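**Q** Sharing a sequence plus its predicted fold:
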Amino acid sequence: MNFEMQIANMLAKNINGFITFVRENHENENNCFCLNRDKLYQLKLLVEEFKFQVLADELKRINRFTWDENYTHLLVDRFRKGMGIIEEYVENNYSDLFIFTARLYTLNSLSLTFCKEEESTNSCSIHHE
């Protein structure tokens, strides 16, 4: 199996894990990590708005048997656009949503492998302060 194919499949699996983690935290009434449920609901809506589930399913489907570089890069670029906004939202609400930073870091690391060298300084990097 191609190395890039494996990373694409790992990214799809981790996107699904992130979606599940957000959903479970939102549905848990006794969540001790986030006292402001509205912020969790907003995070859930952002994940749905950027269609992370569709992107993860499509990444998994196209990289199941063969490596499709162009389509994979297109899907990862779409994912990174949504993830940038979600990451900024989590950063701005860190005191309530800190539990999601580790998962976002993992998704960021996996998706950066698909960014081209010349783009890595521009569109692929997500700014941290």
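**A** Good, I have the coordinates.
**Q** going forward, measure contacts and count neighbours with C-alpha atoms only.
**A** Noted.
**Q** show me where pLDDT drops low in this structure?
**A** Applying pLDDT under 70 to the chain picks out residues 1, 32, 116-129.
**Q** Taking the chain centroid, which residue in it is the extreme one?
**A** N30 (25.0 Å; CA atoms, centre = their mean).
**Q** Now L110: closest residue in space, sequence neighbours ignored.
**A** Distances taken as CA to CA, 6 or more residues apart in numbering put L11 closest to L110, at 6.0 Å, once the chain neighbours are dropped.
**Q** the strands in this structure, which residues?
**A** With DSSP state E as the definition, the chain shows no strands.
**Q** Which parts of it are helices?
**A** For the chain, the helices defined by DSSP state H occupy 3-27, 37-49, 52-62, 69-92, 94-97, 101-112.
**Q** could I get those helices as a markdown table with mean neighbour count?
**A** Shown next, in a markdown table, are the helices of the chain (neighbours: other CA atoms under 10 Å):
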| stretch | mean neighbour count |
| --- | --- |
| helix 3-27 | 18 |
| helix 37-49 | 16 |
| helix 52-62 | 18 |
| helix 69-92 | 17 |
| helix 94-97 | 16 |
| helix 101-112 | 16 |
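**Q** Fine by me, we can end here.
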